[in-house]
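Colleague: need coordinates for the following:
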Amino acid sequence: MPVADVYSVVSRIDEIRVNGVDKTRIPRILIAGTHSGCGKTTVSRGIMQALVNLGYTVQPFKVGPDFIDPTYHTALCGRPSRNLDPFMMGEDGVMRTFGQACSGADIAVIEGVMGMFDGLDGTDCASTAHVAKILRAPVLLVVDVKGMSRSAAAVVKGFSEYDPAAGISAIILNRVGSPRHREMIERSMTKQVLGYIPRDDRAALESRHLGLKMAFEIPDQTGAGDLVRESCNLDEIERLAASAVPLPVVPPDPVSCTGNARIGVARDEAFCFYYQDNLDLLISSGAEIVFFSPIRDRMPDVDALYLGGGYPELHAAGLSASPCRHDIRKGAEDGLPVYAECGGLLYLCDEVSGEETFKMAGVLPASAFMTEKIQALGYSDGTWTGGPSYLPAKGGLKGHEFHYSRLECRPDARFAVRLSRGRGIRDGNDGLFEHSTVGSYTHAYFSRQFARSFVDAALQYHKKLK
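Modeller: Model (predicted):
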């Protein structure tokens, strides 16, 4: 379809009034799957890239707590991909993030998580189907048909009837072996099929212990877009997205003008796991974000630090050799507020041991050890129990854990979080702290209360130095 014809199918997002209620018309499509590995990521990336190539401004999303898939979305669409997770954000939070992120976009493409109905503890909560129902989004179900023909129709029938409220609108069949294979499937398929994607390695992505490689490590990402353009009915996908019902208008988040605290955020190949909403929440709470690389840079002139997760174990030699670790230790000893998650937690320990042992920042009283087996995978839910003054006195934190490491803490170790769900660092305790530094295995989805407290602590530190 020529670019000039695109906007006749999907109009730009606009606000309308329905029965006295302000609503927003947001064309959107959700890509679900029968199971992990069925091709959701390939199809999602392909649709995003194909739409961008047609001239759309595409806003990408990812269901669940994933950090890696959104990097591909962001690289393809040129807009930060947002996570949509009802467990961490609540249903209202999903609506708020979706509505606000879609501002200025033409269409939203949402990649699901795991199998469509796979949620928390075997429930619907935080599943792809749950998000589809919250956003009333038309669903494209991806079915891997390798090794089946007529059975594909039975799979589709089962998924369609299992929870009709989730609204499977059409199907994408992945790994179709041949024209003959397609013909056998078509004979029994009763649901509309908008794509027959052949077995093809052009869109393959390399993996490692925490999942796929990050987008910045893959130089060519055009394969998925080419596959979708060649094998899917983009016109019908666009029309399906345009058929989505209007959603209630979400009021913008309040902006705090508490001051201009400079918060350093580690961002490089070693530290790359961040929720965009967390960074935006710090900014709306009065922070200026200063990105830096602990591998290559000295610690910037900042009033607080946020060290996210990532792959410090793969870059331990560079982190150990960099003077930044000494800068951070000195800052922490002087009372600089530092908040770290997972990979950031390892970096703040005395050392990290794998095949070799490397010295780290030495802020927290523990040593980190890489393991061959996964140590924790799943959601975390906990309450703050103490620690630095910037931690909320009440309330809790929600997030998730995913790591192949363990910590050995010194006997005097203190913890700021008690988990009701999740493993944490030791015996259900998380948030190891020292001075004004906290390191946690939990990748937290920030509350507004936490973000404001952290920014206020940065401002207090700034004033102390004057």
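Colleague: use CA for all of it now, contacts and neighbours both
Modeller: OK.
Colleague: identify the residues contacting residue 396.
Modeller: Each residue near residue 396 by C-alpha atoms under 8 Å, 6 or more residues apart in numbering is listed here: 381, 382, 383, 384.
Colleague: and these as a markdown table, adding neighbour count, secondary structure and pLDDT?
Modeller: Shown next, in a markdown table, are these (neighbours: other C-alpha atoms under 10 Å; DSSP: H, G, I helix; E, B strand; the rest coil; pLDDT from 0 to 100):
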| residue | neighbour count | secondary structure | pLDDT |
| --- | --- | --- | --- |
| 381 | 21 | strand | 97 |
| 382 | 22 | strand | 96 |
| 383 | 19 | strand | 95 |
| 384 | 19 | strand | 94 |
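Colleague: out of those residues, who's nearest residue 155?
Modeller: residue 381 (34.4 Å; C-alpha to C-alpha).
Colleague: which residues does that closest one contact?
Modeller: By C-alpha under 8 Å, 6+ apart, the contact set of residue 381 is 396, 397, 398, 399, 419, 420, 421, 422.
Colleague: what sits against the fifth one?
Modeller: Shown here is residue 419, whose contacts under the criterion C-alpha under 8 Å, 6+ apart are 380, 381, 382, 383, 428, 429, 430.
Colleague: now the third one
Modeller: Under the criterion of C-alpha under 8 Å, 6+ apart, the contact list for residue 398 reads 87, 88, 379, 380, 381, 382, 444, 445, 446.
Colleague: neighbours around the nearest residue to the third one once chain neighbours are set aside, how many?
Modeller: Take residue 379 and drop its neighbours on the chain: the residue closest to it by C-alpha to C-alpha, 6 or more residues apart in numbering is residue 400, 4.0 Å away. Burial of residue 400, expressed as a neighbour count using other C-alpha atoms under 10 Å, amounts to 24.
Colleague: how about the helix or strand containing residue 320: buried residues?
Modeller: Using DSSP states H and E, residue 320 falls within helix 316-321. Going by neighbour count (16 or more other C-alpha atoms under 10 Å), the buried part of helix 316-321 is 316, 317, 319, 320.
Colleague: could you do stretch 397-410 as well?
Modeller: Result for stretch 397-410 [16+ other C-alpha under 10 Å]: buried residues 397, 398, 399, 400, 401, 402, 403, 404, 405, 406, 407, 409.
Colleague: okay, these in a markdown table with secondary structure and pLDDT next?
Modeller: Shown next, in a markdown table, are the buried residues of stretch 397-410 (DSSP: H, G, I helix; E, B strand; the rest coil; pLDDT from 0 to 100):
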| residue | secondary structure | pLDDT |
| --- | --- | --- |
| 397 | strand | 93 |
| 398 | strand | 96 |
| 399 | strand | 97 |
| 400 | strand | 97 |
| 401 | strand | 97 |
| 402 | strand | 95 |
| 403 | strand | 95 |
| 404 | coil | 95 |
| 405 | strand | 97 |
| 406 | strand | 97 |
| 407 | strand | 98 |
| 409 | strand | 97 |
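Colleague: would you turn the residues you listed into a markdown table with distance to residue 274?
Modeller: Below are those laid out as a markdown table (distance: C-alpha to C-alpha, whole Å):
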| residue | distance to residue 274 |
| --- | --- |
| 397 | 16 |
| 398 | 14 |
| 399 | 12 |
| 400 | 12 |
| 401 | 13 |
| 402 | 14 |
| 403 | 15 |
| 404 | 18 |
| 405 | 19 |
| 406 | 21 |
| 407 | 22 |
| 409 | 26 |
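Colleague: tell me the one among these nearest to residue 278.
Modeller: Once C-alpha to C-alpha is applied, the member of the buried residues of stretch 397-410 that ends up nearest residue 278 is residue 399, at 11.7 Å.
Colleague: if we can go back for a sec, which of the buried residues of stretch 397-410 sit farthest apart?
Modeller: The distance between the two most remote of the buried residues of stretch 397-410 (C-alpha to C-alpha) is 23.4 Å, for 398 and 409.
Colleague: so where do the helices sit in this protein?
Modeller: Secondary structure of the chain, counting by DSSP state H: helices at 3-9, 40-53, 69-77, 86-101, 128-135, 151-162, 179-186, 223-231, 234-242, 276-284, 316-321, 324-333, 343-348, 448-465.
Colleague: of all these, which one comes closest to residue 199?
Modeller: Across the helices of the chain, closest to residue 199 is helix 223-231 (C-alpha to C-alpha), at 9.8 Å.
Colleague: which non-adjacent residue is nearest residue 311?
Modeller: residue 270 is the one closest to residue 311 (C-alpha to C-alpha, 6+ apart), at 4.6 Å.
Colleague: now for the one you found: which residues touch it?
Modeller: 295, 309, 310, 311, 312, 313, 314, 315, 343.
Colleague: number of nearby residues for the residue lying closest to the third one once chain neighbours are set aside?
Modeller: It refers to residue 310. With sequence-adjacent residues excluded and distances taken as C-alpha to C-alpha, 6+ apart, residue 310 is closest to residue 271, at 4.4 Å. When neighbours are defined as other C-alpha under 10 Å, residue 271 has 25 of them.
Colleague: hang on, residue 271 packs against residue 307?
Modeller: Yes - taking C-alpha atoms under 8 Å as the definition, residue 271 is a contact partner of residue 307 at 7.1 Å.
Colleague: which neighbours do the two share?
Modeller: Residues within reach of residue 271 and of residue 307 at once, by C-alpha under 8 Å, 6+ apart, are 343, 344.
Colleague: okay, and for the stretch 201-350 of the chain, where does confidence drop off?
Modeller: Scanning the stretch 201-350 of the chain for pLDDT under 70 picks out 201-222, 253-259.
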